[in-house]
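Colleague: quick check, what structure comes out for this input:
(2 chains, ligands or ions: 1)
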Amino acid sequence: MTIASAKLEIKPNIIDPDGFYNELLNAHEGLSEAQSTALNARLVLILANHIGARDVLSEAFRLAKAAGTPS
Amino acid sequence: MTHIFEIPLYPYERSVDQDSAEPAHHQVVVVGAGPIGLATAIDLAQQDVPVLVLDENDRVSWGSRAVCYAKRPLEILDRLGCGDKFVEKGVQWNMGKVFFEDRQVYSFDLLPEEGHKRPAFINLQQYYLEQYLVERLRDLQAEGKPIELRGKSRVTKVAQSGERVDLTVETPEGPYTLSADWLIPCDGAASPIRALLGLDFVGRVFEDNFLIADVVMQADFPTERWFWFDPPFNKGQSALLHKQPDNVWRIDLQLGWDIDREKEKQPENVIPRLKAMLGEDVDFELEWVSIYTFQCRRMEKFRHGRVLFAGDAAHQVSPFGARGANSGLQDTDNLCWKLKLVIDGKAPAALLDTYDDERILAADENILNSSRATDFITPKSAMSRTFRDAVLQLSEKAAFARPLVNSGRLSVPSTYDGSQLNGADCEKMPRRSRPGSPASDAPLGEAWLLDQLGNNFQLLGINVDLPASIEIEGISVASLCLTTAAGEQSLLAERYLGEAAQAVYLIRPDQHIAARFESYSEAAITQALRTAIGQRVKEVAQ
Ligand SMILES: Cc1cc2nc3c(=O)[nH]c(=O)nc-3n(C[C@H](O)[C@H](O)[C@H](O)COP(=O)(O)OP(=O)(O)OC[C@H]3O[C@@H](n4cnc5c(N)ncnc54)[C@H](O)[C@@H]3O)c2cc1C
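Modeller: Numbering: from 1, shown residues only, chains lettered A, B, ... in the order given. Take a look at the predicted model:
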């Protein structure tokens, strides 16, 4: 399997941002903190596999880290 | 019944060296008659290099050790003349099952590639490997090959001075001294020789304990590898069940870090654990029970002048992935032909530095794979456990998660990419057979390609005429000419030709590919051979 190298999409790409966000929160409704953490982990894995391209995933890791670090 | 591990296979006998006025001198001394020391000695003796093996013990190894051997080491054992025995006795398997908590999440078939003489894996107790190697050594002795094995002979002192290595050997009748041109310590992970020479062995200890048991039972579990994560019978931990010959089953139970090791080893604690795993009504007998802590580490360099470390003495891995003995056999495969050429004065001593380069690359690959498996099995933090469990949950529902499950990536040979010994490549030919790679087997009618390769430099010509043999630098290189005409030998074509219509491969004595060309030119082969024997390598100062 070869996956063409691509760039991480950082421009808005979700057609229905409010609906998506709502669905994300709903998915965690009623879950304990541990269950939520587990759900997030499964989501990360599913989405990462969907993306596939290793360089895009690495870029996503960098962005996620940087965004959580005060500059 | 007396077990093989209880019989002295090479009992102590007084040697002439003990009565000699001057310390006796040997060309090569191997310390340790474990699988790696024995394989080294056999390889050298097959090439008529005189070799003496010293071991502090006089029998095969004790306790639960290697069970799982991959195809490449089996091919090496073929070259050493004892592959058949080994494969006939071993158990072949292809299926594996993964369980999480109370259920099976998926199963897999290794789907070994067709067209190889040897299977992807066999399981066999390490004591059989050692027994068969000792038997091979005895056969070589009977043929008059220069190989000697001395039991109850412990090396207690080593000193290296310029052109030789001096040793002191302790025996039941007291010590004596020896000297050698070359010393090959294969004295295991705790290597006393390494310690005597004050050499490093750094790496990582995994903070976990594993109960490893070999049990004898008449059970109808299939011949499969079963791995459990967090099963009801070993909550929060892992477990492994794998079949060996003679109705012996290997069981690994992860115990965690803070345990009382002595207490856990007692039968009254072990038996209930095993019953919970195997079922209350299964009758079994314990062959071995040990508790291990695993480590991944290696020496910074394997060559120290005239001292060449191999096997566990040089590098150690956790057993997840079955890479210990497997990689040790590949060390000897790499080392012995190089040493032979250096001893014969046909190659510069710098060739031995490439043993370091090539096998350190392999050791690092093994350490990486084995560390990753251990990290998956023993999550180091709450978050790594969360992801591990997420992978396992998903693996039941979605195929994508299965390759992320890591209960040991089973040993595959290293390709020596970037080795200084590699010569010309040809882009049209398949990547798997590029310079540095181990030659892939292929069926040749009733015969096998790998059975025709090894022990010497060789030319493999496919659909091309080659001289029967050429002599370069005093090394004779014989040719093997094959054709793929009329759709015959399609696997040979697939593995060696690719888009090329014909090919010439220069193959090393360890069956690794040195260089490849589309057509024959004596000048090009000469250059490739010079490269492959280290003429371009600059020796590292020792
Ligand atoms: C639980 C477990 C499972 C494993 N499973 C696998 C597996 O499935 N597949 C695999 O490939 N590997 C496996 N291994 C690893 C494998 O057992 C080792 O890699 C292998 O034994 C290494 O062989 P060796 O010859 O280098 O060293 P050893 O087998 O340790 O032999 C060293 C020898 O040196 C001798 N010696 C030591 N000091 C001296 C001295 N001063 N003088 C003279 N002699 C000396 C000892 O008596 C011994 O005979 C496993 C290991 C364990 C513990």
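
Colleague: helices along the stretch 301-450 of chain B, start to end?
Modeller: Along the stretch 301-450 of chain B, counting by DSSP state H, counting those that start in this stretch, helices occupy B:324-343, B:353-377, B:382-397.

Colleague: center of the chain - which residue?
Modeller: By default, I'm working from chain A. residue A:44 (5.6 Å; C-alpha atoms, centre = their mean).

Colleague: that's the other chain; I wanted chain B
Modeller: For chain B, residue B:326 is the residue whose C-alpha lies nearest the centre (C-alpha atoms, centre = their mean; 2.3 Å).

Colleague: need phi/psi at the spatially closest residue to that residue that is not a sequence neighbour.
Modeller: Leaving out its chain neighbours, the residue that sits closest to residue B:326 by C-beta to C-beta, 6 or more residues apart in numbering or on different chains is residue B:411, at 4.2 Å. (Each C-beta comes from the backbone N, C-alpha and C, glycine too.) Recorded main-chain torsions at residue B:411 are phi -50, psi 130, according to degrees, to the nearest 10.

Colleague: thought residue B:412 was touching the residue nearest to the centre of chain B, still the case?
Modeller: No - shown here, residue B:326 and residue B:412 do not form a contact pair, counting by C-beta atoms under 8 Å, at 9.2 Å.

Colleague: overlap in contacts of those two?
Modeller: With C-beta atoms under 8 Å, 6 or more residues apart in numbering or on different chains applied, the overlap between the contact sets of residue B:326 and residue B:412 consists of B:70, B:72.

Colleague: tell me the buried residues in the longest helix that chain A contains?
Modeller: Under DSSP state H, the helix in chain A containing the largest number of residues is helix A:33-51. By neighbour count, with 16 or more other C-beta atoms under 10 Å in any protein chain shown as the criterion, the buried positions of helix A:33-51 are A:37, A:38, A:40, A:41, A:42, A:45, A:48, A:49.

Colleague: ranges for the helices of chain A?
Modeller: Ranges of helices within chain A are A:17-28, A:33-51, A:54-67, based on DSSP H.

Colleague: with just CA atoms, put the second one into CSV.
Modeller: Going back to what we said before, that points to helix A:33-51. Output of helix A:33-51 as CSV, limited to C-alpha atoms (Å, rounded to 0.1, in the frame of the first residue of the first chain):
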residue,chain,number,x,y,z
GLU,A,33,-14.1,10.3,32.8
ALA,A,34,-12.5,6.9,32.2
GLN,A,35,-15.1,6.0,29.6
SER,A,36,-14.7,9.3,27.8
THR,A,37,-11.0,8.9,27.7
ALA,A,38,-11.4,5.4,26.2
LEU,A,39,-13.9,6.7,23.7
ASN,A,40,-11.5,9.5,22.6
ALA,A,41,-8.7,6.9,22.2
ARG,A,42,-10.9,4.8,19.9
LEU,A,43,-11.9,7.9,18.0
VAL,A,44,-8.2,8.9,17.5
LEU,A,45,-7.4,5.5,16.2
ILE,A,46,-10.3,5.3,13.8
LEU,A,47,-9.7,8.8,12.4
ALA,A,48,-5.9,8.2,12.2
ASN,A,49,-6.5,5.1,10.2
HIS,A,50,-8.8,6.9,7.9
ILE,A,51,-6.2,9.5,7.2
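
Colleague: show me the contact partners of that helix.
Modeller: Residues from elsewhere that reach helix A:33-51, judged by C-beta under 8 Å, 6+ apart: A:27-28, A:31, A:57, A:60, B:383, B:386-387, B:389-391, B:393-394, B:398, B:400-401, B:404.

Colleague: just the buried ones from those residues?
Modeller: Those of the contacts of helix A:33-51 that meet the buried threshold are A:60, B:386, B:387, B:389, B:390, B:391, B:393, B:394, B:400, B:401, B:404, by 16+ other C-beta under 10 Å.

Colleague: just send those back as TSV, with pLDDT and distance to residue B:278 too.
Modeller: Output for the buried ones among the contacts of helix A:33-51, formatted as TSV (pLDDT from 0 to 100; distance: C-beta to C-beta, whole Å):
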residue	pLDDT	distance to residue B:278
A:60	97	45
B:386	97	30
B:387	98	30
B:389	97	25
B:390	98	29
B:391	98	27
B:393	97	26
B:394	98	29
B:400	97	33
B:401	97	28
B:404	97	29
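
Colleague: nearest to the ligand, of the residues you listed?
Modeller: Using C-beta to the nearest ligand atom, residue B:404 is the member of these that lies nearest the ligand, at 22.6 Å.

Colleague: from the stretch 1-150 of chain B, which residue is nearest to the ligand?
Modeller: Among the residues of the stretch 1-150 of chain B, residue B:34 lies nearest to the ligand; the distance is 2.2 Å by C-beta to the nearest ligand atom.

Colleague: ok, now which ones touch that residue?
Modeller: B:55, B:61, B:130, B:186, B:187, B:188, B:311, B:312.

Colleague: and for the residue nearest to residue B:326, the neighbour number?
Modeller: For residue B:411, the tally of surrounding residues (other C-beta atoms under 10 Å in any protein chain shown) stands at 26.

Colleague: no further questions, thank you.
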